[in-house]
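Trainee: sequence? don't have it. structure:
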DNA sequence: ATGGTGGTCATACCA
């Protein structure tokens, strides 16, 4: 049975609802995980999603900052919102999607960006990011309940050398410092997760999902990073059909600085 | 070494 899931840091769902609608019409993923919705739950644009056939929506939003939402054409069961680092940020949402005889738990994450200075001693935002990673080690691919699992979202870290435009020039830049890249890889390994984007696109090949707003010509300079991820329990590796990074969406009118990433499965 | 752009919510804060 074909099944697809997408992740997209939308940077304000209300401002960019027309882009979301275009994406859903053109790609029709079964499940869309949004980050940085910047939208309180009571103001979420439910109706626009319902009109496109997405009847099942779980949100964890707050005013102005952060916020995640999981939008689905199939029922969502067992919705959970985890808190991290004793801060009331809306950065996680999980739900279980029944697909045929199988059940798929989908964790939607928005990891803290971490500020500019990569030193936890002087930058509380970076300390928060490292603390968040520490607590993410508890999110396991196999929880023994018979579900396959996915962990996806804006993890704000580009772990591999080919996940950034210049490994050497970004080694001291937040998102690609060794403490972050090694930390994220540890979270992934200890949780038993497979990096599904890299399962489909070899590590030799550069892949980016984010390009800064500050570049004069993002497309020409191509100084991107792979900050958005799709991880899965190892059983999903054999079910994975393809992964699409929708680079063209960065060139849409008034774009997000992140683009959608879609994983297609045969479950 | 610096500033570059964009969103939120009304003034700086965050990315």
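Mentor: That came through, no problem. The model shown is predicted, which means the values in this text are computed figures rather than measured ones.

Trainee: Next, the buried residues of stretch A:171-178.
Mentor: Buried positions in stretch A:171-178, judged by neighbour count with 16 or more other CB atoms under 10 Å: A:174-177. To be clear about C-beta, it is placed using only N, CA and C from the backbone, and glycine gets the same treatment.

Trainee: And stretch A:139-158, by the same measure?
Mentor: For stretch A:139-158, by 16+ other CB under 10 Å, it's A:139, A:141, A:147-158.

Trainee: Determine how far it lies from the middle of the whole chain.
Mentor: 11 Å (CA atoms, centre = their mean, to the nearest Å).

Trainee: Now do it: distance from first to last residue.
Mentor: Terminal residues of stretch A:139-158 are spaced 19 Å apart (CA to CA, to the nearest Å).

Trainee: which bits of chain A sit near DNA strand B?
Mentor: Applying CB under 7 Å from any atom of the strand, one finds that chain A approaches DNA strand B through A:11-12, A:14-15, A:38, A:63-65, A:112-115, A:125, A:156, A:213-214, A:254.

Trainee: Any of those residues buried? List them.
Mentor: A:11, A:38, A:112-115, A:156.

Trainee: mind putting those residues in CSV, secondary structure included?
Mentor: Below are those laid out as CSV (DSSP: H, G, I helix; E, B strand; the rest coil):
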residue, secondary structure
A:11, coil
A:38, coil
A:112, coil
A:113, coil
A:114, coil
A:115, coil
A:156, coil
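
Trainee: Any chance of TSV for these, columns pLDDT?
Mentor: TSV is the format used below for these (pLDDT from 0 to 100):
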residue	pLDDT
A:11	98
A:38	98
A:112	98
A:113	98
A:114	97
A:115	97
A:156	98
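
Trainee: Residues touching stretch A:57-73, excluding its own?
Mentor: A:13, A:30-41, A:44, A:46, A:49, A:53-56, A:76, A:79, A:81, A:88-93, A:95, A:97, A:106, A:108-110, A:153 (CB atoms under 8 Å, 6 or more residues apart in numbering).

Trainee: Please consider this matter closed, and thank you.
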